[in-house]
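1. below: sequence and its predicted model.
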Amino acid sequence: MMTLSTRRGLVVTVAALAAVATAQSTCDLVESRTSIESHKRFQIEYTSEQSEYWSTGCGSLKPSCILMPTTTQEVAAIVSILAANNESFAIKSGGHNPNNYFASIDGGPLISTKKLDQVILDPVTETVRVGPGNRWDDVSGALDGSGYTAVGGRIGNVGVGGYMLGGGLSFMSTEYGWAANSVLEFELVLANASVVTVTESNHPDLFLALKGGGNNFGIVTSYLLQAYPQGDVWGGNLIFDATPEVSKAMLAAVRDFTENYDDEKAGIIVTAERTLATLVDLWVIFLYYNGPEPPTGVFDKFFDISKFKINTCKTQSMHSLLSGNNWAVVKGSVYTIGTETLPLPNEANGVEVMQKIFDHWVDVSNTAQLIPGLIASIAFQPLPKRLAQVARAKGGDMIDVDDDIDRIVLELDYSFLSNLSDAKVDKTMQDTYGGFKTIIEDYQDSGLLPKDVYLPLFQNDCYYPQDYFGRLKPEKLALARRVQAEVDPDGFWKTRTGGFKIPSAY
Ligand SMILES: Cc1cc2nc3c(=O)[nH]c(=O)nc-3n(C[C@H](O)[C@H](O)[C@H](O)COP(=O)(O)OP(=O)(O)OC[C@H]3O[C@@H](n4cnc5c(N)ncnc54)[C@H](O)[C@@H]3O)c2cc1C
């Protein structure tokens, strides 16, 4: 019989809990048999936690209760209760994933990791232990002034838990790899409610599977991360009106930047935004440099466009930069997210290919013009060869991107006012990334883009129907299946909670 003791002195006998769990709901059992924090509808903590989603689509789903464990043992106790019934449930960190039912649920229990919020720096080992209940501005805030940083989100409000399990693209990724490449240890609650510390040496396959494998293997209750020395950084935003000349120059600049990537300490996100009701089109660039000033030349192609109307770039702390970028998190709308991966066109073909991608996005988003409150955005996110090299040198991950080519991760967002427009936006989203795939394939056939190259989808930007696992290398998909069979033979995480799931077969 397994016995779990919680921080608050509660002793939970898992087998005893399981025996009675069949008759009552998880929420009732947790409330009657444990002292784990639980909140019901109309209570202040419940309402407040429901407002902590990026998309109001997720926040409008109503869990039967919100459980807020404070320790790994409390998470294990919840899992043991769930294992004895058939209720669907959701696990939530920062709530930034806008796909409904991934970190949100209607009618079952929601496990919020909010109170698993430790950030403990050990300067001797140069590591930091981070709970999944943190957001990246909590982590950078706790590390502020310590001289260390962790590789994490580019916008402070994003959560740690889901971001990390999707791989995590950071401003620091060209220097240090995907965020997941800097995880040294996962503390994980498995489907059988046991707790395992997962490292490269004791569980190498599970360790790798967690780096881009999503929530298919358990609930992570803490991440031990490599910490890196960090002083002041430089960064902020440049904002331009999206005139045709600026768009052309911007597309050329982001292509060139990705190919030439002069300095691994630099990071950018190049986004275009369209507010369709007012026909305001903007380019918003997020810039970052790991140092007080970028050397001359690193970002010149963007500054040379020279018609920017806002420039907020300055020397500041990492915490200030990440928190400052929170202006981009506008609450109160339903959001959708989607992605495709573009093999970088060479300089000769770059103008045509980049413009075609951009024009397709403009054309499809125009068809959604009448959807109330619609804002369309596209992000061009460099994934240079150097990132692939660093990721592999650090032990690799599920994405397993090679350095054969440079790539750009295209991220799409459509935001809108009401769920009543869900079906129209769903079609718009699928038409947009589906069209990108067709454009890419056509250019590969005609020789303007490299053919027979690996183009995985980036999980953190995937729309719910996108086939994240099917776009991985076959050996990585096989690894995910093998690990799943070992740690979750009954498909607990696969069938009971949302997220990108490992398909049994194609
Ligand atoms: C404004 C904005 C900026 C973004 N910027 C970036 C960026 O710079 N880089 C990047 O890579 N991505 C970025 N993203 C995408 C983001 O990483 C994903 O949406 C991610 O899923 C959100 O993480 P979260 O912790 O908030 O997860 P949630 O939305 O809370 O959860 C997402 C998924 O992870 C699972 N999950 C969460 N915590 C745990 C846990 N502890 N154990 C097991 N499963 C868990 C959930 O069940 C769910 O399926 C951004 C998103 C937004 C909205």
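-> Received the coordinates, thanks. Keep in mind the model is a prediction, meaning the values are calculated, not measured.

2. from here on, just use CA atoms for contacts and neighbour counts.
-> Noted.

3. could you list the low-confidence segments of this structure?
-> 1-23 (pLDDT under 70).

4. what residues does it put near the ligand?
-> Within reach of the ligand by CA under 6 Å from any ligand atom, the chain has these residues: 54, 90-97, 102-103, 132, 153-155, 158-163, 168-170, 215, 218-221, 329, 460-461, 498-499.

5. within the helices and strands, which one has residue 485?
-> Using DSSP states H and E, residue 485 maps to helix 474-487.

6. contacts for the helix or strand just after that helix?
-> Next along the chain after helix 474-487, taking DSSP H and E as the criterion, comes helix 492-496. By CA atoms under 8 Å, 6 or more residues apart in numbering, the list of residues contacting helix 492-496 from outside reads 83, 86, 87, 88, 89, 191, 215, 216, 217, 218, 501, 502.

7. which residues are in contact with the residue nearest to residue 224 when sequence neighbours are not counted?
-> Leaving aside its sequence neighbours, residue 224 sits nearest to residue 129 (CA to CA, 6 or more residues apart in numbering; 4.4 Å). Residues in contact with residue 129 (CA under 8 Å, 6+ apart) are 118, 119, 120, 121, 222, 223, 224, 225.

8. which among those end up buried?
-> 118, 119, 121, 222, 223, 224, 225 (16 or more other CA atoms under 10 Å).

9. out of these, which are inside strands?
-> With DSSP state E as the criterion, strands contain 119, 121, 222, 223, 224, 225 from among the buried ones among the contacts of residue 129.

10. can you tell me which of these is closest to residue 78?
-> residue 222 (16.6 Å; CA to CA).

11. circling back to that earlier point, tell me how far the helix or strand hosting the residue nearest to residue 224 lies from the chain's centre.
-> For residue 129, the host element (DSSP H and E) is strand 127-130. With CA atoms, centre = their mean, to the nearest Å as the basis, strand 127-130 stands 19 Å off its chain's centre.

12. what are the pairing partners of it, and which direction each?
-> Here strand 127-130 is paired, per DSSP bridges, with strand 119-122 (antiparallel), strand 219-226 (antiparallel).

13. nearest to residue 286, of the contacts of residue 129?
-> Nearest member of those to residue 286, counting by CA to CA, is residue 225, at 24.9 Å.

14. quick one: residues contacting the closest residue to the closest one other than its chain neighbours.
-> Among residues not flanking residue 225 along the chain, residue 183 sits closest, at 4.5 Å (CA to CA, 6+ apart). Residues in contact with residue 183 (CA under 8 Å, 6+ apart) are 223, 224, 225, 226.

15. just the angle for the one helix or strand residue 187 maps to relative to strand 219-226, thanks.
-> Residue 187 is part of strand 183-189 when elements are defined by DSSP H and E. Computed by axes from the mean of the first three to the mean of the last three CA atoms, to 10 degrees, the angle separating strand 183-189 from strand 219-226 equals 160 degrees.

16. buried ones in strand 183-189, by neighbour count?
-> Buried residues in strand 183-189 (16+ other CA under 10 Å): 183, 184, 185, 186, 187, 188, 189.

17. would you give the sheet partners of it, along with the direction of each?
-> strand 195-198 (antiparallel), strand 219-226 (antiparallel).

18. distance to residue 482 for those strands - can I get that in a markdown table?
-> Converted to a markdown table, the strands paired with strand 183-189 look like this (distance: least, CA to CA, whole Å):
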| stretch | distance to residue 482 |
| --- | --- |
| strand 195-198 | 16 |
| strand 219-226 | 18 |
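
19. residue 499 touches residue 102, doesn't it?
-> Yes - the criterion here is CA atoms under 8 Å, and residue 499 meets it with residue 102 at 4.6 Å.

20. strands of the stretch 351-500 of the chain, residue ranges please.
-> Secondary structure of the stretch 351-500 of the chain by DSSP state E, counting those that start in this stretch: the strands cover 375-383, 407-416.

21. can you add mean neighbour count and give those strands back as JSON lines?
-> What follows is these, written out as JSON lines (neighbours: other CA atoms under 10 Å):
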{"stretch": "strand 375-383", "mean neighbour count": "24"}
{"stretch": "strand 407-416", "mean neighbour count": "23"}
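
22. give me the residue from the stretch 301-450 of the chain nearest the ligand.
-> Residue nearest to the ligand within the stretch 301-450 of the chain (CA to the nearest ligand atom): residue 329, separated by 5.1 Å.

23. check which helix or strand covers residue 337.
-> In the assignment (DSSP H and E), residue 337 maps to strand 334-343.

24. sorry, back to before: what's the farthest-apart pair in the ones in strands among the buried ones among the contacts of residue 129?
-> Spanning the widest gap among these are 121 and 222, at 13.1 Å by CA to CA.

25. what sits against residue 378?
-> Per CA under 8 Å, 6+ apart, neighbours of residue 378: 271, 272, 273, 361, 410, 411, 412, 413.

26. recalculate using a threshold of 6 Å.
-> Contact analysis of residue 378 by CA atoms under 6 Å, 6 or more residues apart in numbering lists 271, 272, 411, 412.

27. please enumerate the helices of the stretch 1-150 of the chain.
-> 14-21, 26-33, 44-50, 56-59, 72-82, 136-143 (DSSP state H, counting those that start in this stretch).

28. the helix ranked longest in the chain to strand 334-343, inter-axis angle?
-> In the chain, with assignment by DSSP state H, the single longest helix is helix 422-446. Here the directions of helix 422-446 and strand 334-343 differ by 0 degrees (the same axes, to 10 degrees).

29. and helix 422-446, how far from the chain's centre?
-> Relative to its parent chain, helix 422-446 has a centroid offset of 21 Å by CA atoms, centre = their mean.

30. which of the residues in that helix are buried?
-> 422, 425, 428-433, 435-437, 439-441, 443-444.

31. related to what we said a few turns ago, now, which of the buried residues of strand 183-189 sits nearest residue 66?
-> Of the buried residues of strand 183-189, the one sitting nearest to residue 66 (CA to CA) turns out to be residue 189, at 18.4 Å.

32. doesn't residue 219 make contact with the closest one?
-> Yes - Residue 189 is within contact range of residue 219, at 5.2 Å (criterion: CA atoms under 6 Å).

33. got the domain boundaries for this protein?
-> 3-112, 119-230, 233-463 (automatic domain parsing).

34. what packs against the longest helix of the chain?
-> In terms of contacts (3 or more CA pairs under 6 Å, 6 or more residues apart in numbering; DSSP states H and E), helix 422-446 is not packed against any helix or strand.

35. who touches it?
-> Counting contacts by CA under 6 Å, 6+ apart, the residues outside helix 422-446 that touch it are 449, 450, 451.

36. between strand 375-383 and that helix, find me the angle.
-> 40 degrees.

37. OK, contacts around residue 458?
-> Counting by CA under 6 Å, 6+ apart, residue 458 has no contacts.

38. repeat that for residue 213.
-> For residue 213, counting by CA under 6 Å, 6+ apart, there are no contacting residues.

39. can you tell me the SS state at it?
-> coil (DSSP: H, G, I helix; E, B strand; the rest coil).

40. quick one: it and residue 134, what's the gap?
-> 20 Å (CA to CA, to the nearest Å).

41. hmm, back to that, roughly how far is the strand holding residue 187 from the heart of the chain?
-> Its chain's C-alpha centre and that of strand 183-189 lie 17 Å apart, by CA atoms, centre = their mean.

42. could you measure from the residue in the stretch 201-350 of the chain that the ligand sits nearest to over to residue 452?
-> Per CA to the nearest ligand atom, residue 219 is where the stretch 201-350 of the chain lies closest to the ligand, at 3.5 Å. Residue 219 sits 36 Å away from residue 452, going by CA to CA.
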